[in-house]
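J.: sharing a model that was predicted from the sequence below.
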Amino acid sequence: MYDEDLSNLDEWIRRLKVEYDIFFNGNRKKPPDDLRLRVEKLVKRLSEATDMSSSQRFRYTTLISKFYVHRDLWRRTQQDRESSEGYANGLPRAQQELDLPQPPSVREVQVSISAPEREGEKVYRLYEELLRLKGSDTKESATLSFERFADYVAEHTRSIQRKYHCATVIFRIALEDNAIKFTARADNSPSG
């Protein structure tokens, strides 16, 4: 039921990233606000859906995490652009003059969880890594509360344990090519 909406959301986020790249490179006069608003409306509508399957909910959460990371970057870049000097005819200075930090192509953290209710430190470590990758310096800027994140991890841990008859689930958060990847898989390694 929601697969088409999720596919649209994925495609629109990709297109939005391209449109913002074009805008920030000076090849477009105005930011792509119309597409951004369309994405935000779809995100809001899907957030209110209560009958998604767990795989659809996982895909949705992954997509909105990616969108929020990009949206925060676009907002900060636009603020920097508007507040800094050195623009001629609305075009940005050379990219190297903007002095933006370039993240490494891949950064990742993997955490094995078997009982999220008893392994709060591990869940919190995943949460902090997500915030760090999103570029958040404070908890107030988080779009996802720790409680919701912990519930999400607990739900997916139980679901994967039931489905794959495993004791431990490996969660992975990585920054790959400026996009956050959040995955969970059964730990099928033999236990000692």
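T.: Everything's here; your move. Worth saying up front: this structure is predicted, and the values here are computed from it rather than measured. Numbering: from 1, shown residues only.

J.: after the helix of greatest length in the chain, next one along is what?
T.: Using DSSP state H, we find that the single longest helix of the chain is helix 54-83. Later in the chain than helix 54-83, the nearest helix or strand by DSSP states H and E is strand 106-113.

J.: any idea of the mean pLDDT for that following strand?
T.: For strand 106-113, mean pLDDT rounds to 80.

J.: list of residues touching that strand?
T.: Strand 106-113 has contacts (C-beta atoms under 8 Å, 6 or more residues apart in numbering) with 119, 122-123, 125-126, 129, 133, 153, 157, 168-176, 187. Bear in mind the C-beta positions are built from the backbone N, C-alpha and C, glycine included.

J.: follow-up on the earlier one: what's the longest helix of the chain packed up against?
T.: In terms of contacts (3 or more C-beta pairs under 8 Å, 6 or more residues apart in numbering; DSSP states H and E), helix 54-83 is packed against helix 3-24, helix 33-47, helix 120-134, helix 146-164, strand 179-186.

J.: and those, which one is worst for confidence?
T.: helix 120-134 (a mean of 82).

J.: may I see the buried residues of it?
T.: Within helix 120-134, the residues that count as buried by 16 or more other C-beta atoms under 10 Å are 122-123, 126-127, 129-131, 133-134.

J.: what's the angle between the longest helix of the chain and helix 3-24?
T.: Here the directions of helix 54-83 and helix 3-24 differ by 20 degrees (axes from the mean of the first three to the mean of the last three C-alpha atoms, to 10 degrees).

J.: quick check: phi and psi on V169?
T.: phi -120, psi 140 (degrees, to the nearest 10).

J.: separation between it and R148?
T.: 18 Å (C-beta to C-beta, to the nearest Å).

J.: neighbour-wise, which of the two wins?
T.: Shown here are V169 and R148; by other C-beta atoms under 10 Å, V169 has more neighbours (22 against 13).

J.: pretty sure the more buried one contacts I160?
T.: Yes: at 4.8 Å, V169 counts as touching I160 under the criterion of C-beta atoms under 8 Å.

J.: can you list residues touching both of these two?
T.: 184-186.

J.: grab the most central residue of this structure for me.
T.: Taking C-alpha atoms, centre = their mean, the centroid of the chain lies closest to S65, which sits 2.4 Å from it.

J.: so what's the residue nearest to that residue when sequence neighbours are not counted bridging to?
T.: Excluding the flanking residues, the one nearest S65 by C-beta to C-beta, 6 or more residues apart in numbering is I180, at 5.3 Å. Note on I180: beta-bridge partners L175, judged by DSSP bridges.

J.: do the same with I113
T.: Going by DSSP bridges, I113 forms beta bridges with V169.

J.: can you give me the distance of it to L144?
T.: Taken as C-beta to C-beta, the span from I113 to L144 is 17 Å.
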